[in-house]
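Predicted coordinates and the sequence they were generated for:
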Amino acid sequence: MSAPAPFHSPADGPPGGHASGPDRSVTAAPAPLPDRLIAHLDMDAFYASVELLRYPDLQGLPVVIGGGRRPQPSAQAEDGRAHAHARLRDYAGRGVITTATYAARALGVHSGMGLMKAAALAPDAILLPLDFDAYRRHSRLFKAAVAEVAPVIEDRGIDEIYIDLSDVPGARDTVGGDPLGGVRAIGQRLKQAVKDATGLTCSVGITPNKLLSKLSSDLDKPDGLTLLMPADIPVRLWPLPAARINGIGPKANERLAALGIHTIGELAAAPLDQLIAEFGSNQGHWLHEAAHGRDDRPVVTWREPKSISRETTFERDLHPRDDRASLGPIFTRLCEQLASDLERKGYVGRSIGVKLRYDDFRIVTRSITLPQATRDAADIRRWAGRCLKTVPLDRRLRLIGVKMASLAVGDGHTTDATSSAEGPLAPHGSLPLFDFTESA
DNA sequence: TCTGGGGTCCTAGGACCC
DNA sequence: TCTGGGGTCCTAGGACCC
């Protein structure tokens, strides 16, 4: 358990050894290589690219991957030709785009967009369902290929990784008078290894830290290789929108805009006091450091999971009372899936929680901590049911989920103490409460 | 006819303890 | 006869990311 905080608290102070401001000028001698050389490698339109390996005839066409829970309505016979694929216009349901090919992005659709909305923009785009097994297979392949070149890898999900190149042999070699020649060659080797192993392209950024590398891998997509060193920050970083910084989302971006801050350079020039006044000490300091390209988070090769969860969005909103007959079995199945996930991964947990999303998109959560860890499906179901009883169930639900936290490595044979308790939870207010968890 | 599923981390208040 | 003050655990909500 060595998960570092993603942001540096003010107590950590700024990382040492840096000049304090935007005062770099062109110098005659090349700057020495930084202490660390960190790569961020991002697969290009990953899910879509894996699908194009399978359907090469779709190359260059607008294709979106995504899906709802409904069967593809007009997926005709699987005769393997382009006309067999569903079109976006035929979709009906609640799915979102997971990945869009670059041709589809040119039509204005992007990941996260609802498929119904995307269909209005690009009705003729091809819609392919998700095939997670295939994506996981290719994910393992590209990560293994990278590990052959540079073994210190931090997993950031199915399609991206950080790689610590600091101690890779040759990384600090000067090639043809270029002090970055060695590290550039390693970047090219990484890309070639990924291509050889998977047939897929990726984009790589190499810089002194994770923050800058993440930004840089995005500067020349697809199939890019971008090196960015501290002296490049004013020219290459500061013109970018502040929201390009990993960790500045829509909310923070709006608050920055209200301060008249739109670019990373404007953020770098903002008085620290002003940022702290607006965002608090922690985030204020972090914003300031980030805008100056400073980040000393290490590349973390393994971390224990903190929680494991299952959730599902219904095809139509369900009422806790009227649709009790549907909700009960769905809820039970989520608990069983969660129990089997815990077993497969070798964890038990002490904190069981539920999550509901109402039809108006409001989310409520409830959780309870048990005296003993468990992974038993019936235990989970029982305690999650107790949590549900404390939630107002007075309007339709869009989503329900179950989560286990406070995880520990374990085999699940150490406890049965929680099995039959009637517990401490009191109903919430005076709202009508329905228990759809008990079979009628 | 908006808006998936699986995660991480932070904040903030209350309980409880020394 | 006010006002303590840290530290930790628990719970709920929210921002953000892939």
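Arrived safely. Numbering: from 1, shown residues only, chains lettered A, B, ... in the order given.

pretty sure A:Gly95 is touching A:Val64, no?
No. The pair A:Gly95 / A:Val64 is not scored as a contact, 9.9 Å apart, by Cβ atoms under 8 Å. In this view, the C-beta of every residue, glycine as well, is placed from N, C-alpha and C.

Overlap of the contact sets of these two?
A:Leu115 (Cβ atoms under 8 Å, 6 or more residues apart in numbering).

Looking at the stretch 101-250 of chain A, which residue is nearest DNA strand C?
A:Gly249 (2.2 Å; Cβ to the nearest atom of the strand).

What is the helix or strand containing A:Met404 packed up against?
Using DSSP states H and E, A:Met404 sits in strand A:397-409. Counting contacts by 3 or more Cβ pairs under 8 Å, 6 or more residues apart in numbering; DSSP states H and E, strand A:397-409 packs against strand A:307-318, helix A:324-345, strand A:347-358, strand A:363-374, helix A:377-388.

Would you tell me whether it gets close to DNA strand C?
Yes. Using Cβ under 7 Å from any atom of the strand, strand A:397-409 reaches DNA strand C at A:Ser406.

strands paired with that strand, and their directions?
If you go by DSSP bridges, strand A:397-409 pairs up with strand A:307-318 (antiparallel), strand A:347-358 (antiparallel).

Those strands: which one's closest to DNA strand C?
strand A:347-358 (5.4 Å).

Okay, helices next: where are they in the stretch 51-200 of chain A?
Listed from the start of the chain, the stretch 51-200 of chain A has helices (DSSP state H, counting those that start in this stretch) covering A:102-105, A:115-121, A:132-149, A:181-198.

and the third one, which residues are buried?
This means helix A:132-149. A:Tyr135, A:His138, A:Ser139, A:Leu141, A:Phe142, A:Lys143, A:Ala145, A:Val146, A:Val149 (16 or more other Cβ atoms under 10 Å).

between these, which is closest to DNA strand B?
A:Tyr135 (11.0 Å).

these two touch, right, the closest one and A:Phe142?
No. Shown here, A:Tyr135 and A:Phe142 do not form a contact pair, counting by Cβ under 8 Å, at 10.7 Å.

how deep is A:Ala31 tucked in, by neighbour count?
12 (other Cβ atoms under 10 Å).

secondary structure class for the residue in the stretch 151-300 of chain A that DNA strand B sits nearest to?
Of all residues in the stretch 151-300 of chain A, A:Asn282 sits closest to DNA strand B, at 3.5 Å by Cβ to the nearest atom of the strand. Three-state call for A:Asn282 (DSSP: H, G, I helix; E, B strand; the rest coil): helix.

Please report how far it lies from A:Leu211.
Here the criterion is Cβ to Cβ, to the nearest Å. By it, A:Asn282 lies 16 Å from A:Leu211.

For those two, indicate the residue with more neighbours.
In this view A:Asn282 and A:Leu211 are compared by other Cβ under 10 Å, and A:Leu211 has more residues nearby, 23 against 15.

which stretches of chain A have low pLDDT?
A:1-28, A:68-83, A:414-440 (pLDDT under 70).

Nearest the middle, which residue of it would you pick?
The centroid of chain A falls nearest to A:Gly157 when counting by Cα atoms, centre = their mean (6.4 Å).

And A:Pro271, how far from A:Gly247?
20 Å.

ugh, wrong one, I meant A:Ala270
16 Å.

In JSON lines, list the helices and strands packed on strand A:397-409 along with mean neighbour count and distance to A:Ser217.
JSON lines is the format used below for the helices and strands packed on strand A:397-409 (neighbours: other Cβ atoms under 10 Å; distance: least, Cβ to Cβ, whole Å):
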{"stretch": "strand A:307-318", "mean neighbour count": "16", "distance to A:Ser217": "28"}
{"stretch": "helix A:324-345", "mean neighbour count": "17", "distance to A:Ser217": "29"}
{"stretch": "strand A:347-358", "mean neighbour count": "21", "distance to A:Ser217": "32"}
{"stretch": "strand A:363-374", "mean neighbour count": "16", "distance to A:Ser217": "32"}
{"stretch": "helix A:377-388", "mean neighbour count": "21", "distance to A:Ser217": "39"}
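
Format those as a markdown table; extra columns: distance to A:Asp42.
Below are those laid out as a markdown table (distance: least, Cβ to Cβ, whole Å):
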| stretch | distance to A:Asp42 |
| --- | --- |
| strand A:307-318 | 25 |
| helix A:324-345 | 26 |
| strand A:347-358 | 29 |
| strand A:363-374 | 29 |
| helix A:377-388 | 36 |
